[in-house]
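Student: all I have is the shape, not the residue letters:
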């Protein structure tokens, strides 16, 4: 670490396990902070050590009680700002409200922009996040945003854990994810297929149409988030009906809300692989099909490079060892 100012890593309550993994990879202790909720549900933050002129990183994911965790992050940032921290980086593995990134119908709010404004006003000088739902969210900020990709970690998982992956097809479960899936297919030199889904209403898919040939192939569904998993379950069914021999799903953010566990368990999916941007240990115990990719090496390396003033672009193509 550079000598002129030291690094301080704070963990909010959304994902303390990930923060601990990141801190241990960097060889530092998590900084002392006490975040509690009063009985009237207000959040109170007490920072237990000096941050004056320090390089501060606050790790807080947009998961679980999203609004509480977002408010907690804003208060943590502001507490460090008023305590004279030199630079404050918000490390947000899963960005909250990322799906509300455009006016898709009249009078719809662009809530992701509101979150960006709130983070900036609270005092964030820099944001590190993983696989934004829409990369244009970076443009909502007036401060630098490093949008890291889980893609190198996904490629490593496919090569090491998917049997006979050279006989696989990378499949995007919707048109929006085509770019992500084709990038992975190109890197592995595999074929690509696309599922076109027709929605009747949000979170409910009515019909799926497969574009591409998956007969006698292993299919690897790739997406940025799995929420209720209805899409993944239906996509897997569509692929097996079209002759696929097995279906894996690899997703960055495993939100796994609502009936997700039941859908995965009852589906033809062999494995649903998610990164630990969102805590899912309890859900993993309920469902044997869930597997985890640890994203902490990537976050730790991004923090180290940011602190030392090095380029972070290396992380877009390599997995830190």
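Tutor: Alright, I've got the coordinates. Not measured: the values here are computed from a predicted model. Numbering: from 1, shown residues only.

Student: where does this protein dip in pLDDT?
Tutor: Across the chain, residues meeting the criterion (pLDDT under 70) sit at 1-4, 199-206.

Student: how about the strands in the chain?
Tutor: 7-11, 33-37, 43-47, 55-59, 87-92, 126-130, 145-148, 168-172, 191-201, 204-211, 218-226, 246-254, 271-275, 290-293 (DSSP state E).

Student: the second one: which residues count as buried?
Tutor: It refers to strand 33-37. 33, 35 (16 or more other Cβ atoms under 10 Å). In short, each C-beta sits where N, CA and C put it, glycine included.

Student: just the angle between that strand and strand 43-47, please?
Tutor: 170 degrees (axes from the mean of the first three to the mean of the last three Cα atoms, to 10 degrees).

Student: strand 33-37 vs strand 55-59, what angle?
Tutor: 40 degrees.

Student: who does strand 33-37 touch, helix- and strand-wise?
Tutor: Secondary-structure packing of strand 33-37 (3 or more Cβ pairs under 8 Å, 6 or more residues apart in numbering; DSSP states H and E): strand 43-47, helix 66-82.

Student: mind putting these into TSV with mean neighbour count and distance to residue 228?
Tutor: Converted to TSV, the helices and strands packed on strand 33-37 look like this (neighbours: other Cβ atoms under 10 Å; distance: least, Cβ to Cβ, whole Å):
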stretch	mean neighbour count	distance to residue 228
strand 43-47	15	28
helix 66-82	20	15
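
Student: these: which one's closest to residue 141?
Tutor: helix 66-82 (13.4 Å; Cβ to Cβ).

Student: hmm, who's touching that closest one?
Tutor: 10, 12-14, 33, 35, 37, 43, 45, 47, 51, 56, 58, 60-63, 88, 90, 92, 96-97, 115, 118-119, 122-124 (Cβ atoms under 8 Å, 6 or more residues apart in numbering).
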